[in-house]
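Student: Model the structure of this input:
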Amino acid sequence: MHGCWSIVRIWLDWPVPCWNCTPCVATASSTMRPGWSVESRTGPEVWTSGRRRGDIGTVSFQPMARIAVFGPHPDDQELGMGGTIARLSEQGHDVLLVDMTDGEPTPHGDRETRAREAGRAAEILGVRREQLGLPNREVVHDVEARHRAAGVIRRHQAQVVFAPYFEDAHPDHLACTRIVEDARFDAKLTKTDLPGDPIYPTWFIYYYCTHLRHVPNPSFIMDITAQASRKWESILAYESQFVVPEKNRGIIDWMKSSATFFGSRIRTEAGEPFFTREPLGLVDFNSVVGIDGATS
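Tutor: All right, here's what the predicted structure looks like:
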């Protein structure tokens with residue numbers, strides 16, 4: 001295979017052409033997976049994310065993976081992995097944000113404001129979002145909550161699931177993770193009234209958005225240098241949480257310092273840490289930061 005092709009994600013094993021040389025373009029039509037197509041004509045190359053990448057041709061493809069990112073409250077996903085969400089969206093993955101609660105009441109927010117802010121944040125990241133309707137501050141790990149989450153996984157046919165790290169001081173965060181862990185199992189059940197078709201998500205990955213003073217030792221770190229600005233923009237969309245309350249304005253600075261720290265651990269400008277209990281498989285080292293041919 002031509003050397004310009006590379007693996008762009010560590011858990012997704014289909015190569016993506018560079019589209020900047022004749023061998024890659026010529027080979028693409030005969031080697032791309034079902035659902036991909038190449039239109040050879042003069043004009044901009046347009047990806048499903050809507051971003052233009054030169055004047056080589058038009059590329060259209062079905063989403064590479066279906067991903068569900070669960071959070072206890074609107075803003076937790078953005079705080080923990082907003083840069084990665086933006087990157088996944090740019091790459092054409094079908095990403096759904098799932099909020100356990102509406103996040104209210106809070107000192108400076110209300111349900112209508114928070115819903116508007118959450119919608120704006122999702123728009124910035126280029127993803128969809130929905131809510132399970134559990135009560136804020138009272139999220140409980142029970143069968144009903146498990147089945148609500150499992151229903152989302154089945155309807156979305158999620159192949160990859162993200163949830164908060166399992167050590168936290170906030171009861172809603174802990175309950176959210178327990179619920180989603182069990183929902184992953186429940187989602188594969190047959191002979192059930194759950195909506196959608198059975199599925200067992202291949203990967204379960206934890207992101208860090210914890211209320212503990214805890215410096216994680218992650219399983220891997222995602223380079224978000226190119227997506228950091230969208231992460232900060234998505235967080236600032238929650239004005240009732242991070243702009244209006246004066247005491248919370250420093251959270252953005254702390255988040256930027258954290259991103260710089262984790263980026264430095266992989267020799268990039270910004271990074272987000274993740275943890276897995278199961279090993280992730282590498283197809284090759286082309287996407288490992290610091291190796292020739294790696295991309296960011």
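Student: where along this protein do the strands fall?
Tutor: 37-39, 58-60, 66-71, 94-99, 128-131, 160-164, 203-207, 220-223, 271-275 (DSSP state E).
Student: Dump those to JSON lines, plus mean pLDDT.
Tutor: Converted to JSON lines, those look like this (pLDDT from 0 to 100):
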{"stretch": "strand 37-39", "mean pLDDT": "34"}
{"stretch": "strand 58-60", "mean pLDDT": "34"}
{"stretch": "strand 66-71", "mean pLDDT": "98"}
{"stretch": "strand 94-99", "mean pLDDT": "98"}
{"stretch": "strand 128-131", "mean pLDDT": "98"}
{"stretch": "strand 160-164", "mean pLDDT": "98"}
{"stretch": "strand 203-207", "mean pLDDT": "97"}
{"stretch": "strand 220-223", "mean pLDDT": "97"}
{"stretch": "strand 271-275", "mean pLDDT": "98"}
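Student: Serialize these to JSON lines and add fields for mean neighbour count and distance to residue 237.
Tutor: C-betas here are computed from N, CA, C, even on glycine. Output for the strands of the chain, formatted as JSON lines (neighbours: other CB atoms under 10 Å; distance: least, CB to CB, whole Å):
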{"stretch": "strand 37-39", "mean neighbour count": "15", "distance to residue 237": "35"}
{"stretch": "strand 58-60", "mean neighbour count": "16", "distance to residue 237": "29"}
{"stretch": "strand 66-71", "mean neighbour count": "26", "distance to residue 237": "14"}
{"stretch": "strand 94-99", "mean neighbour count": "24", "distance to residue 237": "13"}
{"stretch": "strand 128-131", "mean neighbour count": "16", "distance to residue 237": "12"}
{"stretch": "strand 160-164", "mean neighbour count": "25", "distance to residue 237": "20"}
{"stretch": "strand 203-207", "mean neighbour count": "22", "distance to residue 237": "18"}
{"stretch": "strand 220-223", "mean neighbour count": "22", "distance to residue 237": "21"}
{"stretch": "strand 271-275", "mean neighbour count": "23", "distance to residue 237": "18"}
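Student: Quick one: those strands as a markdown table, columns for distance to residue 174 too.
Tutor: Formatted as a markdown table, the strands of the chain follow (distance: least, CB to CB, whole Å):
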| stretch | distance to residue 174 |
| --- | --- |
| strand 37-39 | 45 |
| strand 58-60 | 42 |
| strand 66-71 | 13 |
| strand 94-99 | 16 |
| strand 128-131 | 19 |
| strand 160-164 | 8 |
| strand 203-207 | 12 |
| strand 220-223 | 23 |
| strand 271-275 | 15 |
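Student: For residue 216, grab the count of nearby residues.
Tutor: Neighbourhood size, residue 216 [other CB atoms under 10 Å]: 18.
Student: OK, contacts around residue 231?
Tutor: 78, 82, 83, 86, 224, 255, 259 (CB atoms under 8 Å, 6 or more residues apart in numbering).
Student: For residue 279, see how far away it is.
Tutor: Here the criterion is CB to CB, to the nearest Å. By it, residue 231 lies 27 Å from residue 279.
Student: What score does residue 22 have for pLDDT?
Tutor: The per-residue pLDDT reported for residue 22 equals 45.
Student: meant to ask about residue 178
Tutor: 99.
Student: Contact partners for it?
Tutor: Here residue 178 is in contact with 141, 166 (criterion: CB under 8 Å, 6+ apart).
Student: now residue 264
Tutor: Taking CB under 8 Å, 6+ apart as the test, what residue 264 contacts is residue 271.
Student: where do the helices sit along the protein?
Tutor: Secondary structure of the chain by DSSP state H: the helices cover 22-31, 76-90, 111-125, 143-156, 171-186, 228-236, 239-242, 250-265.
Student: for the record, mean pLDDT for the last one?
Tutor: Helix 250-265 comes out with an average pLDDT of 95.
Student: buried stuff in that helix?
Tutor: The neighbour-count check on helix 250-265 (16 or more other CB atoms under 10 Å) flags 252, 255, 258, 259, 262, 263 as buried.
Student: Number of residues surrounding residue 124?
Tutor: With other CB under 10 Å as criterion, residue 124 counts 21.
Student: burial count for the closest residue to it other than its chain neighbours?
Tutor: Nearest residue to residue 124, sequence neighbours excluded (CB to CB, 6 or more residues apart in numbering): residue 234, at 4.5 Å. Counted with other CB under 10 Å, residues neighbouring residue 234 total 28.
Student: Might one say that residue 234 is in contact with residue 129?
Tutor: No - here residue 234 does not reach residue 129: they are 11.2 Å apart, not a contact under CB atoms under 8 Å.
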